[in-house]
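Chemist: predicted structure and sequence below. I'll ask about it afterward.
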Amino acid sequence: MGPVSEETIASLKRQATTLRRHIIRMTHNVQSGHPGGSMSACDIVTALYFHVLRVDPKDPTWPDRDRFVLSKGHACPVWYAALAERGFFPVEELMTFRKIDSRLQGHPEMGTTPGVENAAGAEGQGLSFSVGLGLAARMDHAAWRVYCLMGDGEQDVGQTWEAAMAAAKYGLDNVTGFIDRNGIQQEGRTEDIMPLEPLAEKWEAFNWHVLNIDGHDFRQIFAAIEEAHRTKGRPTVIIARTVKGKGVSFMENKIKYHGAATSDDELAQALKELEVPS
Amino acid sequence: MTSAGSWKMESQRAYFGKALVELGRRNPKVVVVGADTTESIKSIDFGKVFPDRFVQLGIAEPNMISVAAGLAAAGKIAFACTYSVFGSAHTYNIVRQNVAYTRLDVKIFSSHAGLTVGPDGATHQINEDIGLMRGIPRMTVLVPADGPQTAKCVDAAAETKGPVYCRFSRTNVPTITSTDDDFGIGKAYVLRDGSDLTLVGSGLMVARCLQAAEALDRDGVDARVINLPTVKPLDEPALMKAARETGAIVTAEEHTVVHGIGAAIASVVVRDRPVPMAFVGVRDVFGESGEAEDLLRKYGLTVEAILEAARDVMKRREHSLPPRVQGSAARTAK
């Protein structure tokens, strides 16, 4: 990846704000969906789609592309927004999200939406799917990499840990996991619903290379990805501390906005706060 | 076809393991994933020849299914092989979301289906997998009658786009087909023509249907026998033809009658030409430990049960009596 200029960082920040505006509008438009966890993951997704991933919007199934797997499927508004802004489909299509006859399902459907690489909704399957992708790349001696974005809530799911063991067994250094550690799941704080800490130590005990970063700091995100690329013989997981609802003051750290859209008044306020910096 | 009684008893797993290796030689895209049952179900045969295309994932079947899906998403034809109870019920929503919804080339081949798992008991005797799997959109469901047909299912599954579920037995079963026989997904095979009624079997119950047909023949009843190795998509024309031409149908399966093959056939037949039907299979009960043959007898999956059902449907056809369920032996079982 190499050094990242101030200009690039500024441009990525503008891009992330644009994605957040899409997320708010899409979920407001249909009065459903999951804005909170889309906003917390927004900077990671922006970093990947606008600086890291080798993908081709004109050829979404190019065999040598990098794969992004969204395990926390409810955060698909951020994925759709990134794909649209990246040119996989028209930005106008975002407003069809969750509506009848749309390609943008409430949770990702593979094979329907250009650029969507997996199906997710039931939690905890994405890392296993990523292990399969990573194994296939290795069998084919291919250079493409797999990036799997998990939620912290889905660390509750047993299958996540089945996948963690399998990736470590096969030393899949072409698989990089992100945990969007926003600390909130549907019904409350993760530490109240099902305590995860010490989370980093858990992943270390499963023989992963573990990095802890601020998931809203582009420089930290890139440094972690570079370290993951340099780490051979085992997979890397990047535990990214994030803020649920990041970017809109009244949504930040609020459990409610896991699965609630903004009202008309809130929409205006949110869009005001999400002015794209010039 | 050999006459009933002189059939060779053979292992479907042995045919399966061999077919998988031969397929692997022909098609480099084929990979196999397993979950600590690979020796038992013979998928290890593939692993010995192609260690780089074989993935052992331990006792973690949900992970195994999703890993297979990931492999398929990258262009592989992924055979996920385990015991039927784990490849269906235990992983149902993983199969639904990661395999069927995605349309991926994952082929779930599962051994140890049904009662004839035997002494391991009810936890391992899944009699519900066919119904579960045929209820999932985009899923193809195969139930081979014997070893040679199991091998044919391996090849056909690899050639078919999208998800496939195939289930077979742990116990040795009579070999009633030949490796030279035709096989295609979606086809029903008439093994014996007849005009008085039709016996439709799947899996190891096909041989019992043939034996029942011979017994009926001695009584002057001319029974048609259909081997139905594909439960989904159903060969609707062949089943409708059987209903129209023979006027009565008995189905026989090593599976619950609640939502199995008989139920699937009935839903086709009633649309076209309702005829008296009877359903030989496991009643709405769990199995138990025991030897395979003893279990089949206790739970009413016998030639005698098929004969009783045959007499019943023919009688009802004459008198237009309301339908009744078959398999009286197990009605009092737990």
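Modeler: Yep, it's here.

Chemist: and the residue most central in space within chain A, how far from A:Ala41?
Modeler: The residue lying closest to the centre of chain A (Cα atoms, centre = their mean) is A:Leu149, at 4.4 Å. Distance from A:Leu149 to A:Ala41, counting by Cβ to Cβ, to the nearest Å: 6 Å. For glycine as for every other residue, the C-beta is placed from the backbone atoms N, C-alpha and C.

Chemist: what do the two both touch?
Modeler: Common neighbours of A:Leu149 and A:Ala41, counting by Cβ atoms under 8 Å, 6 or more residues apart in numbering or on different chains, are A:72, A:75, A:178, A:180.

Chemist: and which of the residues you listed is nearest B:Gly201?
Modeler: The closest of those to B:Gly201 turns out to be A:Lys72 (Cβ to Cβ; 46.1 Å).

Chemist: list the contacts for the closest residue to that closest one other than its chain neighbours?
Modeler: Of all residues not flanking A:Lys72 in the chain, A:Gly151 sits nearest, at 3.5 Å (Cβ to Cβ, 6 or more residues apart in numbering or on different chains). Residues near A:Gly151 by Cβ under 8 Å, 6+ apart: A:37, A:71-72, A:74-75, A:123, A:179-180, A:182, A:185.

Chemist: partners of A:Gly151 in the sheet?
Modeler: A:Gly151 has these beta-bridge partners by DSSP bridges: A:Asp180.

Chemist: mind listing what's buried in the longest helix along chain B?
Modeler: Longest helix of chain B, by residue count under DSSP state H: helix B:303-319. With burial defined by 16 or more other Cβ atoms under 10 Å in any protein chain shown, the residues of helix B:303-319 counted as buried are B:303, B:305-314, B:316-317.

Chemist: and what of stretch A:72-89?
Modeler: Neighbour-count burial for stretch A:72-89, counted by 16+ other Cβ under 10 Å, picks out A:72-86, A:88-89.

Chemist: which of the helices or strands spans the residue nearest to the centre of chain A?
Modeler: A:Leu149 is part of strand A:146-151, with elements assigned from DSSP states H and E.

Chemist: next: A:Gly247.
Modeler: Per DSSP H and E, there is no helix or strand for A:Gly247.

Chemist: wait, isn't it in contact with A:Thr17?
Modeler: Yes. Under the criterion of Cβ atoms under 8 Å, A:Gly247 makes contact with A:Thr17 at 7.1 Å.

Chemist: next up, the contacts around the residue in chain A that chain B sits nearest to.
Modeler: Relative to chain B, the nearest point of chain A is A:Gly132 (2.0 Å; Cβ to the nearest Cβ). If a contact means Cβ under 8 Å, 6+ apart, then A:Gly132 has B:66-74, B:78 as its contacts.

Chemist: so which of those residues comes closest to chain A?
Modeler: Among those, and counting by Cβ to the nearest Cβ, the member closest to chain A is B:Gly70, at 2.0 Å.

Chemist: one step back: in helices only, show me the shared contacts of A:Leu149 and A:Ala41.
Modeler: Taking DSSP H, every one of those sits outside helices.

Chemist: quick check: the two most widely separated of those?
Modeler: Largest pairwise distance in the shared contacts of A:Leu149 and A:Ala41, by Cβ to Cβ, is 11.3 Å, between A:Ala75 and A:Phe178.

Chemist: got any residues that touch both of these two?
Modeler: Common neighbours of A:Ala75 and A:Phe178 (Cβ under 8 Å, 6+ apart) are A:41, A:149.

Chemist: mind listing what the residue most central in space within chain B touches?
Modeler: Using Cα atoms, centre = their mean, the residue of chain B that lies closest to the mean C-alpha position is B:Val143, 2.4 Å off. B:Val143 makes contact with B:130, B:166-168, B:202-203, B:228-231, B:253, B:261 under the criterion Cβ under 8 Å, 6+ apart.

Chemist: phi and psi next, for residue 250.
Modeler: Defaulting to chain A. phi -80, psi -10 (degrees, to the nearest 10).

Chemist: right idea, wrong chain: chain B
Modeler: Backbone torsions for B:Val250, taken as degrees, to the nearest 10, come to phi -120, psi 130.

Chemist: in terms of secondary structure, what does the longest helix of chain B contact?
Modeler: strand B:197-201, helix B:205-218, strand B:249-256, strand B:277-282, helix B:328-331 (3 or more Cβ pairs under 8 Å, 6 or more residues apart in numbering or on different chains; DSSP states H and E).

Chemist: show me where the chain has its helices.
Modeler: In the absence of a named chain, chain A is used. In chain A, the segments counted as helices under DSSP H are A:6-30, A:35-40, A:42-47, A:76-86, A:126-139, A:158-169, A:190-193, A:199-205, A:218-230, A:264-273.

Chemist: that's the wrong chain, I wanted chain B
Modeler: B:12-26, B:38-41, B:44-49, B:61-73, B:84-87, B:92-94, B:129-134, B:147-159, B:205-218, B:236-246, B:261-272, B:292-298, B:303-319, B:328-331.

Chemist: might you enumerate the residues of chain B proximal to chain A?
Modeler: B:31, B:52-53, B:55, B:57-58, B:60, B:62-63, B:65-76, B:78, B:93-94, B:97-98, B:101-104 (Cβ under 8 Å from any Cβ of the partner chain).

Chemist: quick check: domain ranges of chain B?
Modeler: The record's domain parsing of chain B by automatic domain parsing lists B:9-174, B:189-331.

Chemist: format those as a markdown table; extra columns: mean pLDDT.
Modeler: Listed next are these as a markdown table, based on pLDDT from 0 to 100:
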| stretch | mean pLDDT |
| --- | --- |
| domain B:9-174 | 98 |
| domain B:189-331 | 94 |
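
Chemist: want to throw those domains into CSV with distance to A:His107?
Modeler: What follows is the domains of chain B, written out as CSV (distance: least, Cβ to Cβ, whole Å):
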stretch, distance to A:His107
domain B:9-174, 9
domain B:189-331, 25
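
Chemist: and those domains: which comes nearest A:Pro60?
Modeler: That would be domain B:9-174 among those, by Cβ to Cβ, at 12.8 Å.

Chemist: tell me the contacts of A:Arg234?
Modeler: Taking Cβ under 8 Å, 6+ apart, we find A:Arg234 in contact with A:168, A:171-173, A:207-209.

Chemist: which of those residues are buried?
Modeler: A:168, A:172-173, A:208-209.

Chemist: ok, so of those residues, who is nearest B:Ser267?
Modeler: Nearest to B:Ser267 among those, with distances taken as Cβ to Cβ, is A:Leu172, at 45.1 Å.

Chemist: ok and the residue in the stretch 151-300 of chain B nearest chain A?
Modeler: For the stretch 151-300 of chain B, Cβ to the nearest Cβ, closest residue to chain A: B:Gly162, 10.5 Å.

Chemist: among the helices of chain A, which is the most enclosed?
Modeler: Comparing the helices of chain A by mean neighbour count (mean count of other Cβ atoms under 10 Å in any protein chain shown), helix A:35-40 ranks first with a mean of 30.

Chemist: packing partners of it?
Modeler: Using 3+ Cβ pairs under 8 Å, 6+ apart, helix A:35-40 sits against helix A:6-30, helix A:76-86.

Chemist: mind putting these in a markdown table, distance to chain B and mean pLDDT included?
Modeler: Formatted as a markdown table, the helices and strands packed on helix A:35-40 follow (distance: least, Cβ to the nearest Cβ, whole Å; pLDDT from 0 to 100):
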| stretch | distance to chain B | mean pLDDT |
| --- | --- | --- |
| helix A:6-30 | 21 | 97 |
| helix A:76-86 | 14 | 98 |
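
Chemist: mind putting those into JSON lines with distance to A:Val243?
Modeler: Listed next are the helices and strands packed on helix A:35-40 as JSON lines, based on distance: least, Cβ to Cβ, whole Å:
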{"stretch": "helix A:6-30", "distance to A:Val243": "12"}
{"stretch": "helix A:76-86", "distance to A:Val243": "14"}
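
Chemist: next, count neighbours for B:Gln211.
Modeler: 21 (other Cβ atoms under 10 Å in any protein chain shown).

Chemist: my guess is it contacts B:Val303. True?
Modeler: Yes. In this structure B:Gln211 lies within contact range of B:Val303 using Cβ under 8 Å: 4.7 Å.
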